[in-house]
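**Q** model this:
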Amino acid sequence: MRITTRGRYALRASLALARLGKDGSPVSINNLSEQEHISSVFLEQIFFKLRKAGILASVRGPGGGFYFAQPLDKLTLKAILDAAGEDLNAIRCDKHTEKCDRIGDCLSHEVWTDVTELVNDFFKNVTLASILEKHLDEVKDNQE
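**A** Residues are numbered from 1 along each chain as shown. Take a look at the predicted model:
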């Protein structure tokens, strides 16, 4: 399993959007691009995928930008990574095909299957809201 730059940027930009657009107001690509130091062209490509998946919505024109189409407590990191085209599969063998001559004898395949399940379950259970809450708690603890 390898998370690409596109996947990492999709998460970073989504978290930045969640932080900057707290009240649901649209945030421009240029603002997010400057904030996160991500190319605006690349960010547009990523957000197009997220919009197509129903994670984001957009408003055109002055004061326009992107906002979340769903509540932050319903948006999981898995949904964002899936929409960005990431494959959270740790299995990189041929066992899933008929080409593998060890198909009934490979114990390591079971380990990688379990790892894949654990990773996917983790990303399914972390929401944007939970990350923001954790961040706010950490900021509050550091200020005391």
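
**Q** can you give me the strands in this structure?
**A** Along the chain, counting by DSSP state E, strands occupy 56-59, 65-68.

**Q** just checking, what packs against the first one?
**A** When you say that, I think you mean strand 56-59. helix 40-52, strand 65-68 (3 or more Cβ pairs under 8 Å, 6 or more residues apart in numbering; DSSP states H and E). Any C-beta I mention is one placed from the backbone N, CA and C, and that applies to glycine too.

**Q** same check, this time on the last one
**A** Identification of packing neighbours for strand 65-68 by 3+ Cβ pairs under 8 Å, 6+ apart yields helix 5-20, helix 29-36, strand 56-59.

**Q** now for these, which one comes closest to Ile80?
**A** helix 5-20 (5.3 Å; Cβ to Cβ).

**Q** how close does Ser28 get to Lys49?
**A** Separation of Ser28 from Lys49 (Cβ to Cβ, to the nearest Å) stands at 18 Å.

**Q** please identify the most buried of the helices and strands packed on strand 56-59.
**A** Counting by mean count of other Cβ atoms under 10 Å, strand 65-68 has the highest mean neighbour count of the helices and strands packed on strand 56-59, with a mean of 20.
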